[in-house]
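In: Sequence first, predicted model second:
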There are 2 protein chains.
Amino acid sequence: MEEERRLRGLWGEARELSLGTSGQVDCLDAPPSPLRFLRDYVSANKPCLVSRAATRGWPAISLWSDDAYLRRVLHGCAVSVHLTPHGRADSLVPRPSACGRPRGLCFASAAVRSMDFSDALALIAATGSPSSPTVAYAQQQNDCFRAEYSALAGDVVPDVPWATEALGCLPEAVNLWIGNGRSETSFHKDHYENLYAVITGEKHFLLLPPTDVHRLYIRHYPAARYVLDDGKDATGELHLELEEPERQVPWCSVDPYPETPESMAEQREAFPLYFDGPKPFECIVKAGEILYLETVGCRRVRHAI
Amino acid sequence: MEEERRLRGLWGEARELSLGTSGQVDCLDAPPSPLRFLRDYVSANKPCLVSRAATRGWPAISLWSDDAYLRRVLHGCAVSVHLTPHGRADSLVPRPSACGRPRGLCFASAAVRSMDFSDALALIAATGSPSSPTVAYAQQQNDCFRAEYSALAGDVVPDVPWATEALGCLPEAVNLWIGNGRSETSFHKDHYENLYAVITGEKHFLLLPPTDVHRLYIRHYPAARYVLDDGKDATGELHLELEEPERQVPWCSVDPYPETPESMAEQREAFPLYFDGPKPFECIVKAGEILYLETVGCRRVRHAI
């Protein structure tokens, strides 16, 4: 017990040293100088939110809220769409049942379909309804903006100059996510420096500092993926298949937003370091703002493009 | 064995990623910009050597090689002098023998005397001879330059501007070391960002990157200190006393420069990760140059002020 008390004290000190005691993500009125960005945020592993000034002059801010514009520019372009039953890409769900198999959770990836952009946009809108058995989320994390959405390249800057100068390199990947109100990403950790710009809508982040990684209870889960029945269109029901041969994926065990009081009680009991510890940082990124982070954390999406 | 092979591969990759493959410390012809210094060196935990341009305009470079100047300016000032039998401050030596005590090594600190600067300078010169039973080294790491040597403040800059801007703070401590050809510091690790300027003479560094910390075999040793017999002057013989009550100090076990072939054979057998691994970085800092480091490493001093 004494050891645990001292360990908690150490975590608290590390957290306070790295992030201060305000409990809030720093908000900057204007883009920082490269030196300030590197010194006060990147080097310190500390997130910051830059106001709308960060995207001043990006045509995307006014153009992309018009679906007709996007349909016209991306006419004939195929984009990747992730399909899940609940809107959560890459998350823990109960293992598919099978005789003799132990119960438990598995790490479920989305079914991925490539489709015409107009169809994708219609599907994302339609599956935002709670009655839809699937949720569509246009995304593909392998530099998809510069590949699938290259027709939109002129609407944004090719790189964020203060970050390029601070980090000493151009972006390795530029990704675009288009979701609806049900789109959500489960708790995870990234090993990259991220600049997250919201163009329309907003995205809610729940963030933990790197020194709190133990509070996520990272464990290994068997990989599974959602599959659409052959011949079914993208609104059809999904079923879950474990990968063969089995592959183990390390993933965060905590669900910070359990849906029922029963599952909240289960979560609290299983993961006391998360639920009894200091509150994560909450941060809402609005259209035109940019969040910098290289942080253990969770992202919830709301209407973000 | 397979595990060890993979671990060695990982160490190699971490080393190469953090320091590259040149095997040499980066040399810069001119002081770096604050952004470059922070991005390419501080953030990367990578040392760099800045040429004589780093100290252009410091009066100390021409003034301090004149002993008469130093004696005049520091007339009447008391300074701290560390005394050891071998020139190595803070190093591992055989435990003082005592009946019934187990043999082994202890961590020996120098005897410290405060004396008039002129006497200190004469003692440092006299104890550079191999026949001297003690070696004197003027130093005291608690900001001694701004305390004991404040009369010399005008001869150097109060801070190094590119480092101050990059790190976002003024120096927490400014220390001065005045040694002779026998002055040496044993392998150790620092938890500070260091800028090491040589004013006269030169200093030889042997450096390991932070990812190689396991190669130093850090273990606990009982603390001891050298003591001058009462009434003896500072050139008298020193004896070693274990601290009472016993205090354990974590210290690097490796001696990279054993004096005899026998002790070299012992060292190689006891510390294979150091002796069989990649070569440490060697770096000679000459008068007027500045070395930046925040690194696990060893420093050997030659005639450094």
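Out: Right, received. Where do you want to start?

In: can you pull the contacts of residue A:270?
Out: Neighbouring residues of residue A:270 by C-beta atoms under 8 Å, 6 or more residues apart in numbering or on different chains: A:217, A:253. To be clear about C-beta, it is placed using only N, CA and C from the backbone, and glycine gets the same treatment.

In: any low-confidence regions in the stretch 51-200 of chain A?
Out: Applying pLDDT under 70 to the stretch 51-200 of chain A flags the ranges A:98-102.

In: in it, which spans are strands?
Out: A:78-84, A:88-89, A:91-94, A:105-109, A:111-116, A:135-138, A:184-189, A:194-197 (DSSP state E, counting those that start in this stretch).

In: quick one: which of the ones you listed is nearest residue A:57?
Out: Nearest of these to residue A:57, taken as C-beta to C-beta: strand A:194-197 at 12.9 Å.

In: Show me which positions of the strand ranked longest in chain A end up buried.
Out: For chain A, the longest strand by residue count, based on DSSP state E, is strand A:218-228. Neighbour counts over strand A:218-228 (16 or more other C-beta atoms under 10 Å in any protein chain shown) mark A:218, A:221, A:222, A:223, A:224, A:225, A:226, A:228 as buried.

In: between these, which is nearest chain B?
Out: Nearest to chain B out of the buried residues of strand A:218-228 is residue A:218 (C-beta to the nearest C-beta; 19.0 Å).

In: Quick check, the closest one in contact with residue A:254.
Out: No. Applying C-beta atoms under 8 Å as the test, residue A:218 and residue A:254 come out as separate, 9.4 Å apart.

In: Would you pull up the residue in chain A closest to chain B?
Out: For chain A, C-beta to the nearest C-beta, closest residue to chain B: residue A:35, 4.7 Å.

In: Residue numbers of chain A in contact with chain B?
Out: Residues of chain A lying close to chain B (C-beta under 8 Å from any C-beta of the partner chain) are A:34, A:35, A:38, A:39, A:40, A:42, A:43, A:165, A:166, A:167, A:168.

In: the helices in chain A, which residues?
Out: For chain A, the helices defined by DSSP state H cover A:2-19, A:34-36, A:60-63, A:67-73, A:117-126, A:144-147, A:161-167, A:261-270, A:272-275.

In: Minimum distance to residue A:104: which of those helices has it?
Out: With C-beta to C-beta as the criterion, residue A:104 lies closest to helix A:261-270 of these, at 12.4 Å.

In: count of residues packed around residue A:41?
Out: A total of 22 residues lie near residue A:41 under the criterion other C-beta atoms under 10 Å in any protein chain shown.

In: List the beta-bridge partners for the closest residue to it other than its chain neighbours.
Out: Computed as C-beta to C-beta, 6 or more residues apart in numbering or on different chains, the closest residue to residue A:41 that is not its neighbour in sequence is residue A:48, at 4.8 Å. Beta-bridge partners recorded for residue A:48 (DSSP bridges): residue A:26, residue A:292.

In: Is it correct that residue A:48 is in contact with residue A:29?
Out: No. Assessed by C-beta under 8 Å, residue A:48 is found out of contact with residue A:29, at 11.3 Å.

In: between the two, which one's more packed in?
Out: Counted by other C-beta under 10 Å, residue A:48 and residue A:29 do not tie: residue A:48 has more neighbours, with 20 against 8.

In: Roughly how far does the more buried one sit from residue A:293?
Out: Remark: distance between residue A:48 and residue A:293 (C-beta to C-beta, to the nearest Å) = 8 Å.

In: just the strands of the stretch 51-200 of chain A: most buried one?
Out: strand A:135-138 (a mean of 27; mean count of other C-beta atoms under 10 Å in any protein chain shown).

In: Which residues does it contact?
Out: With C-beta under 8 Å, 6+ apart, strand A:135-138 has contacts from A:79-87, A:89, A:110, A:120-121, A:123-124, A:126-128, A:176-180, A:182-183, A:234, A:301.
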